[in-house]
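1. dropping a prediction and its sequence here:
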Amino acid sequence: GAVVSQHPSRVICKSGTSVKIECRSLDFQATTMFWYRQFPKQSLMLMATSNEGSKATYEQGVEKDKFLINHASLTLSTLTVTSAHPEDSSFYICSARDIRGGKVGTQYFGPGTRLLVL
Amino acid sequence: AQTVTQSQPEMSVQEAETVTLSCTYDTSENNYYLFWYKQPPSRQMILVIRQEAYKQQNATENRFSVNFQKAAKSFSLKISDSQLGDTAMYFCAFMIGGGSNYKLTFGKGTLLTVNP
(Lines give C-alpha, C1' and ligand atoms only; values in the text may rest on other atoms or scores of the structure.)
Protein backbone atom coordinates (compact mmCIF):
# COMPACT_ATOMS: atom_id res chain seq x y z
CA GLY A 1 0.00 0.00 0.00
CA ALA A 2 0.82 3.73 0.01
CA VAL A 3 1.89 4.11 -3.60
CA VAL A 4 2.23 7.49 -5.23
CA SER A 5 2.63 7.81 -8.98
CA GLN A 6 3.93 10.76 -10.93
CA HIS A 7 3.66 11.48 -14.63
CA PRO A 8 5.60 12.16 -16.75
CA SER A 9 8.88 10.79 -15.42
CA ARG A 10 10.86 12.94 -17.78
CA VAL A 11 9.97 15.91 -19.97
CA ILE A 12 11.91 18.16 -22.31
CA CYS A 13 10.30 21.38 -23.44
CA LYS A 14 11.15 24.61 -25.17
CA SER A 15 11.58 27.82 -23.26
CA GLY A 16 8.29 29.70 -22.93
CA THR A 17 6.03 26.68 -22.96
CA SER A 18 4.05 25.26 -20.04
CA VAL A 19 4.45 21.80 -18.56
CA LYS A 20 1.97 19.90 -16.38
CA ILE A 21 3.06 17.23 -13.92
CA GLU A 22 0.52 14.89 -12.35
CA CYS A 23 0.74 13.28 -8.92
CA ARG A 24 -1.65 10.51 -7.91
CA SER A 25 -2.11 8.53 -4.70
CA LEU A 26 -3.03 5.07 -5.97
CA ASP A 27 -4.29 3.19 -2.94
CA PHE A 28 -5.17 5.85 -0.41
CA GLN A 29 -6.86 9.22 -0.24
CA ALA A 30 -4.67 12.24 0.26
CA THR A 31 -6.25 15.45 1.47
CA THR A 32 -2.81 17.01 1.44
CA MET A 33 -0.06 16.67 -1.14
CA PHE A 34 3.29 18.39 -1.31
CA TRP A 35 5.52 19.51 -4.17
CA TYR A 36 9.29 19.54 -3.81
CA ARG A 37 12.17 20.56 -5.99
CA GLN A 38 15.55 18.87 -5.78
CA PHE A 39 18.80 20.06 -7.30
CA PRO A 40 21.62 17.58 -7.95
CA LYS A 41 23.24 16.25 -4.78
CA GLN A 42 21.05 18.42 -2.59
CA SER A 43 18.16 17.88 -0.24
CA LEU A 44 14.50 18.36 -1.08
CA MET A 45 13.13 21.89 -1.04
CA LEU A 46 9.43 22.26 -0.32
CA MET A 47 7.72 24.43 -2.89
CA ALA A 48 4.09 24.27 -1.87
CA THR A 49 1.43 22.39 0.05
CA SER A 50 -1.63 21.35 -1.88
CA ASN A 51 -4.93 20.85 -0.07
CA GLU A 52 -7.88 19.20 -1.76
CA GLY A 53 -10.56 21.71 -2.65
CA SER A 54 -8.65 24.79 -1.58
CA LYS A 55 -5.79 27.00 -2.69
CA ALA A 56 -2.24 25.81 -2.34
CA THR A 57 0.09 27.29 0.24
CA TYR A 58 3.40 28.36 -1.25
CA GLU A 59 6.73 28.57 0.53
CA GLN A 60 8.53 31.86 0.69
CA GLY A 61 10.29 32.68 -2.55
CA VAL A 62 8.20 30.38 -4.73
CA GLU A 63 6.23 32.20 -7.42
CA LYS A 64 2.63 31.04 -7.25
CA ASP A 65 1.84 32.41 -10.71
CA LYS A 66 4.68 30.43 -12.21
CA PHE A 67 4.07 27.16 -10.39
CA LEU A 68 0.32 26.56 -10.55
CA ILE A 69 -1.01 23.84 -8.30
CA ASN A 70 -4.43 22.24 -8.52
CA HIS A 71 -5.69 19.56 -6.12
CA ALA A 72 -9.03 18.69 -7.69
CA SER A 73 -9.65 15.34 -6.00
CA LEU A 74 -8.50 13.27 -3.06
CA THR A 75 -6.13 11.32 -5.29
CA LEU A 76 -4.80 13.86 -7.78
CA SER A 77 -2.70 17.00 -7.61
CA THR A 78 -1.10 18.74 -10.57
CA LEU A 79 1.81 21.15 -10.84
CA THR A 80 1.99 23.33 -13.93
CA VAL A 81 5.21 25.15 -14.68
CA THR A 82 4.11 28.12 -16.75
CA SER A 83 6.32 29.88 -19.28
CA ALA A 84 9.19 27.58 -18.41
CA HIS A 85 12.76 28.84 -18.61
CA PRO A 86 16.07 26.96 -18.45
CA GLU A 87 16.48 27.87 -14.78
CA ASP A 88 13.30 25.89 -14.05
CA SER A 89 15.11 22.73 -15.13
CA SER A 90 15.18 20.48 -12.09
CA PHE A 91 13.85 17.31 -10.49
CA TYR A 92 10.32 17.76 -9.16
CA ILE A 93 8.94 15.36 -6.57
CA CYS A 94 5.45 15.11 -5.14
CA SER A 95 4.37 13.43 -1.93
CA ALA A 96 1.04 12.57 -0.40
CA ARG A 97 0.20 12.50 3.27
CA ASP A 98 -1.37 9.33 4.59
CA ILE A 99 -3.98 10.01 7.25
CA ARG A 100 -4.91 6.41 7.97
CA GLY A 101 -4.62 5.14 11.50
CA GLY A 102 -1.11 4.26 12.61
CA LYS A 103 0.44 6.24 9.78
CA VAL A 104 -0.55 9.73 10.81
CA GLY A 105 1.76 12.28 9.32
CA THR A 106 3.70 9.89 7.11
CA GLN A 107 4.39 11.12 3.60
CA TYR A 108 4.89 8.85 0.63
CA PHE A 109 6.74 10.10 -2.39
CA GLY A 110 6.27 9.83 -6.11
CA PRO A 111 9.18 8.73 -8.33
CA GLY A 112 9.87 12.28 -9.48
CA THR A 113 9.82 14.17 -12.77
CA ARG A 114 12.96 15.38 -14.45
CA LEU A 115 12.25 18.62 -16.32
CA LEU A 116 14.68 19.98 -18.87
CA VAL A 117 13.90 23.34 -20.45
CA LEU A 118 15.85 24.12 -23.59
CA ALA B 1 12.13 27.16 13.37
CA GLN B 2 12.99 23.51 13.24
CA THR B 3 16.38 22.38 11.95
CA VAL B 4 17.76 18.96 11.11
CA THR B 5 21.50 18.31 10.98
CA GLN B 6 23.22 15.37 9.38
CA SER B 7 26.90 15.78 10.09
CA GLN B 8 28.17 12.99 7.84
CA PRO B 9 28.01 13.96 4.15
CA GLU B 10 29.37 10.57 3.07
CA MET B 11 29.92 7.18 4.66
CA SER B 12 30.94 3.76 3.46
CA VAL B 13 30.58 0.28 4.89
CA GLN B 14 31.50 -3.23 3.87
CA GLU B 15 28.76 -5.59 2.88
CA ALA B 16 27.31 -7.52 5.87
CA GLU B 17 28.67 -5.03 8.38
CA THR B 18 26.79 -2.52 10.53
CA VAL B 19 26.74 1.22 10.04
CA THR B 20 25.18 4.08 11.99
CA LEU B 21 24.07 7.36 10.44
CA SER B 22 23.75 10.38 12.70
CA CYS B 23 21.00 12.96 12.89
CA THR B 24 20.30 15.73 15.36
CA TYR B 25 17.44 18.16 15.37
CA ASP B 26 16.38 21.29 17.14
CA THR B 27 12.85 22.13 18.20
CA SER B 28 10.89 23.56 21.08
CA GLU B 29 7.91 21.36 20.28
CA ASN B 30 7.01 18.32 22.32
CA ASN B 31 4.79 16.48 19.85
CA TYR B 32 6.57 15.55 16.65
CA TYR B 33 7.57 12.75 14.31
CA LEU B 34 10.96 11.71 12.99
CA PHE B 35 11.69 9.82 9.80
CA TRP B 36 14.51 8.33 7.82
CA TYR B 37 14.04 8.29 4.06
CA LYS B 38 16.28 6.56 1.54
CA GLN B 39 16.90 7.86 -1.98
CA PRO B 40 18.71 5.32 -4.18
CA PRO B 41 20.17 6.23 -7.59
CA SER B 42 16.66 5.91 -9.09
CA ARG B 43 15.84 8.99 -6.97
CA GLN B 44 12.65 7.42 -5.61
CA MET B 45 12.25 8.51 -1.99
CA ILE B 46 11.51 5.48 0.18
CA LEU B 47 10.39 5.58 3.79
CA VAL B 48 12.80 3.54 5.89
CA ILE B 49 11.52 4.08 9.42
CA ARG B 50 9.23 6.32 11.45
CA GLN B 51 9.32 7.33 15.13
CA GLU B 52 6.75 9.17 17.20
CA ALA B 53 8.36 11.43 19.77
CA TYR B 54 5.96 10.37 22.53
CA LYS B 55 7.08 6.75 22.23
CA GLN B 56 10.13 5.84 24.27
CA GLN B 57 10.65 2.55 22.47
CA ASN B 58 12.99 2.78 19.52
CA ALA B 59 11.43 1.90 16.16
CA THR B 60 12.75 -1.07 14.21
CA GLU B 61 12.08 -2.32 10.69
CA ASN B 62 13.93 -5.53 9.89
CA ARG B 63 17.61 -4.58 9.52
CA PHE B 64 16.94 -0.93 10.27
CA SER B 65 16.64 0.47 13.77
CA VAL B 66 16.90 3.86 15.39
CA ASN B 67 18.43 5.19 18.56
CA PHE B 68 16.06 7.96 19.61
CA GLN B 69 17.39 10.15 22.40
CA LYS B 70 14.73 12.79 22.98
CA ALA B 71 16.59 14.80 25.62
CA ALA B 72 19.66 14.96 23.41
CA LYS B 73 17.51 15.56 20.30
CA SER B 74 19.30 12.79 18.51
CA PHE B 75 17.86 10.27 16.05
CA SER B 76 20.48 7.95 14.58
CA LEU B 77 19.82 5.14 12.10
CA LYS B 78 21.53 1.77 12.41
CA ILE B 79 21.68 -0.53 9.42
CA SER B 80 22.66 -4.09 10.25
CA ASP B 81 23.94 -6.68 7.80
CA SER B 82 24.43 -4.01 5.14
CA GLN B 83 23.51 -5.02 1.61
CA LEU B 84 24.60 -3.60 -1.72
CA GLY B 85 21.05 -2.38 -2.28
CA ASP B 86 21.37 -0.15 0.77
CA THR B 87 23.64 2.15 -1.23
CA ALA B 88 21.70 5.42 -1.35
CA MET B 89 21.36 8.92 0.00
CA TYR B 90 19.72 8.85 3.42
CA PHE B 91 17.70 11.80 4.64
CA CYS B 92 16.65 12.40 8.22
CA ALA B 93 13.39 14.34 8.48
CA PHE B 94 11.36 16.01 11.20
CA MET B 95 7.69 16.96 11.33
CA ILE B 96 5.64 18.71 13.96
CA GLY B 97 2.59 16.76 15.04
CA GLY B 98 -0.81 18.37 14.64
CA GLY B 99 -1.84 21.10 12.26
CA SER B 100 -3.12 20.67 8.76
CA ASN B 101 0.07 20.85 6.79
CA TYR B 102 2.51 18.47 8.51
CA LYS B 103 5.50 19.89 6.66
CA LEU B 104 8.67 17.82 6.65
CA THR B 105 12.02 19.43 7.38
CA PHE B 106 14.86 17.48 5.82
CA GLY B 107 18.51 17.25 6.67
CA LYS B 108 21.08 17.64 3.92
CA GLY B 109 21.55 13.90 3.62
CA THR B 110 24.26 11.27 4.04
CA LEU B 111 25.49 9.37 1.01
CA LEU B 112 26.01 5.76 2.07
CA THR B 113 28.02 3.41 -0.11
CA VAL B 114 28.01 -0.30 0.63
CA ASN B 115 31.13 -1.97 -0.75
CA PRO B 116 31.29 -5.62 -1.79
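-> That came in fine, so what should we check first?

2. so what's residue A:92 closest to, chain neighbours aside?
-> Of all residues not flanking residue A:92 in the chain, residue A:113 sits nearest, at 4.8 Å (Cβ to Cβ, 6 or more residues apart in numbering or on different chains). Where C-beta positions appear, they are placed from N, C-alpha and C, glycine not excepted.

3. and the one helix or strand residue A:108 maps to, which strands flank it?
-> Using DSSP states H and E, residue A:108 sits in strand A:107-109. Take DSSP bridges as the rule and strand A:107-109 pairs in its sheet with strand A:90-97 (antiparallel).

4. my read: residue B:8 touches residue B:110, true?
-> Yes. Counting by Cβ atoms under 8 Å, residue B:8 touches residue B:110, with 4.8 Å between them.

5. enumerate the residues of chain A near chain B.
-> A:32, A:34, A:38, A:42-44, A:46, A:49, A:51, A:57, A:91, A:93, A:95, A:97, A:104-109, A:111-112 (Cβ under 8 Å from any Cβ of the partner chain).

6. about what we covered before: so who does the residue nearest to residue A:92 touch?
-> A:6, A:7, A:8, A:9, A:10, A:11, A:21, A:91, A:92, A:93 (Cβ atoms under 8 Å, 6 or more residues apart in numbering or on different chains).

7. which ChimeraX command selects the buried ones in those?
-> This is how ChimeraX selects the buried members of the contacts of residue A:113, with burial counted by 16 or more other Cβ atoms under 10 Å in any protein chain shown:
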select /A:6,11,21,91,92,93
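
8. narrow the contacts of residue A:113 to those in strands?
-> Counting by DSSP state E, the contacts of residue A:113 place A:6, A:7, A:10, A:11, A:21, A:91, A:92, A:93 in strands.
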